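Student: I would like to see how this sequence folds:
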Amino acid sequence: MIKRYIKNQLLKKLKPGKVLVLTGARRVGKTFLLQEISKELDQDYLFLTGEDFAVQDILERRSIQNYKNFLGSRKILIIDEAQKIPDIGPILKLMIDSIKDLKIIITGSSAFDITNFTGEPLTGRQTTFSLFPISELELKNSETETERLDNLSQRLIYGNYPEVLNIQNSDEKSEYLNEIVNSYLLKDILTLDKVKNSSKIFNLLRLISFQIGKEVSYDELGKQLSISKNTVERYLDLLSKVFVLYKVEGFSRNLRKEITKKSKWYFFDNGIRNVVIANFTNIKGRNDVGQLWENYIISERIKFQSYKKMIVNNFFWRTYDQQEIDFVEEREGKLFAYEIKWQDLRVKLPKAWGKSYKNSEFSVINNQNYLNFVT
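Tutor: Residues are numbered from 1 along each chain as shown. Okay, the predicted model is just below:
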């Protein structure tokens with residue numbers, strides 16, 4: 001069993017008068033993590049699921065005495081899939097404000113859920129954490145160096161969903177990922193913001209899949225899908241809120257020829273990307289290894305930043321004369337530029353970058369040195 005990195009952080013932040021909010025895509029292990037946390041609690045707790053209609057009925061009667069009677073002597077309330085409960089934000093606010101020493105943990109399957117259903121009522125009372133598919137940070141102590149190199153090739157193809165890592169058979173891995181996309185991710189998206197056309201969402205994901213590492217034009221995507229630019233942006237925003245895609249914008253401070261209006265989009269998990277394009281071919285038979293590697297490293301870095309609570313802005317950099325850097329971090333008053341290459345190719349710092357941002361640091365991240373970057 002792989003220990004989740006944020007488990008101890010959640011336990012430390014569990015305090016009276018506060019609500020811990022755990023977000024993340026379906027099937028990344030939120031429920032299992034709550035169960036593991038509950039084993040280490042030194043107080044009685046009540047564990048509920050928001051999908052239970054009986055729970056919804058009980059919480060619907062918004063009175064302090066009702067909630068006190070329901071909780072009894074227990075001072076810890078855990079609600080899985082809390083967004084399924086109507087008006088959950090005001091309910092939690094009333095509980096926290098009225099019941100002394102109460103501690104609450106809730107989960108939601110998307111950032112949209114949490115913003116929409118808790119939002120303003122819990123301002124100043126909540127601490128939010130995100131849970132992702134298993135990270136290299138969590139795997140580093142469970143593999144030998146030889147195992148890591150072999151498993152890395154698998155992870156580039158099938159990704160890091162917890163169940164995928166436990167499945168040994170390749171066909172079963174791909175079947176599981178297909179089930180996640182069709183039964184969970186797409187259904188989640190369709191329930192948000194009255195989205196009705198799943199085929200457009202899926203086709204949009206396919207187009208993004210082939211543009212990993214490239215700037216995306218919303219106008220061009222709209223023309224290919226026969227939808228408006230605004231609809232493309234709306235769908236991409238929803239895909240980011242359910243933790244399918246992550247956006248990286250262009251960086252610029254000095255040069256007129258720097259590209260800033262377009263964005264790049266990455267998948268949070270390589271396995272989801274590959275099921276969308278229906279390609280689980282072995283790494284040696286792929287012509288998109290560069291894209292797989294860039295997507296994997298950036299997704300792992302995003303996990304690392306989140307788990308380490310880094311305050312950082314992420315960008316890519318490119319000029320109209322084709323000088324580019326894959327990934328740029330702005331943190332601690334400094335710029336850090338990274339080129340992401342599968343193999344240790346001799347990559348030079350672009351002259352325009354070196355001239356304009358002389359105090360920045362530059363590194364190449366490849367399959368030999370990547371571990372320090374993501375762990």
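
Student: which helix or which strand is home to the spatially most central residue of the chain?
Tutor: Using Cα atoms, centre = their mean, the residue of the chain that lies closest to the mean C-alpha position is Phe243, 4.4 Å off. Phe243 belongs to no helix or strand when assigned by DSSP states H and E.

Student: just give the nearest non-adjacent residue to it, would you?
Tutor: Using Cβ to Cβ, 6 or more residues apart in numbering and skipping residues adjacent in sequence, the residue nearest Phe243 is Ala25, 4.0 Å away. The way it works is simple: take the backbone N, C-alpha and C, and place the C-beta from them, glycine included.

Student: if I pick Phe142, what's in contact with it?
Tutor: Small correction: residue 142 is Ser, not Phe. By Cβ atoms under 8 Å, 6 or more residues apart in numbering, the contact list for Ser142 reads Ile2.

Student: need the three-state assignment for it.
Tutor: When classified by DSSP: H, G, I helix; E, B strand; the rest coil, Ser142 comes out as coil.

Student: export stretch 180-191 as PDB, just CAs?
Tutor: Taking Å, rounded to 0.1, in the frame of the first residue of the first chain, the C-alpha atoms of stretch 180-191 are listed here in PDB:
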ATOM      1  CA  ILE A 180     -13.100   5.700 -15.800                       C
ATOM      2  CA  VAL A 181     -13.400   8.000 -18.800                       C
ATOM      3  CA  ASN A 182     -16.900   6.900 -19.900                       C
ATOM      4  CA  SER A 183     -18.500   6.100 -16.600                       C
ATOM      5  CA  TYR A 184     -17.000   8.800 -14.400                       C
ATOM      6  CA  LEU A 185     -15.200  11.700 -16.000                       C
ATOM      7  CA  LEU A 186     -17.600  12.300 -18.800                       C
ATOM      8  CA  LYS A 187     -20.600  11.800 -16.600                       C
ATOM      9  CA  ASP A 188     -19.200  14.300 -14.100                       C
ATOM     10  CA  ILE A 189     -18.700  16.900 -16.800                       C
ATOM     11  CA  LEU A 190     -22.200  16.400 -18.200                       C
ATOM     12  CA  THR A 191     -23.800  17.100 -14.800                       C
END
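
Student: which parts of that stretch are buried?
Tutor: For stretch 180-191, the buried set under the neighbour-count rule, 16 or more other Cβ atoms under 10 Å, comprises 180-181, 185-186, 188-189.

Student: now these as CSV including distance to Pro133 and secondary structure?
Tutor: Output for the buried residues of stretch 180-191, formatted as CSV (distance: Cβ to Cβ, whole Å; DSSP: H, G, I helix; E, B strand; the rest coil):
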residue, distance to Pro133, secondary structure
Ile180, 10, helix
Val181, 13, helix
Leu185, 12, helix
Leu186, 17, helix
Asp188, 16, helix
Ile189, 18, helix
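
Student: adding pLDDT and distance to Ile208, write those residues out as JSON lines.
Tutor: Below are the buried residues of stretch 180-191 laid out as JSON lines (pLDDT from 0 to 100; distance: Cβ to Cβ, whole Å):
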{"residue": "Ile180", "pLDDT": "90", "distance to Ile208": "17"}
{"residue": "Val181", "pLDDT": "89", "distance to Ile208": "13"}
{"residue": "Leu185", "pLDDT": "72", "distance to Ile208": "14"}
{"residue": "Leu186", "pLDDT": "71", "distance to Ile208": "14"}
{"residue": "Asp188", "pLDDT": "68", "distance to Ile208": "17"}
{"residue": "Ile189", "pLDDT": "71", "distance to Ile208": "14"}
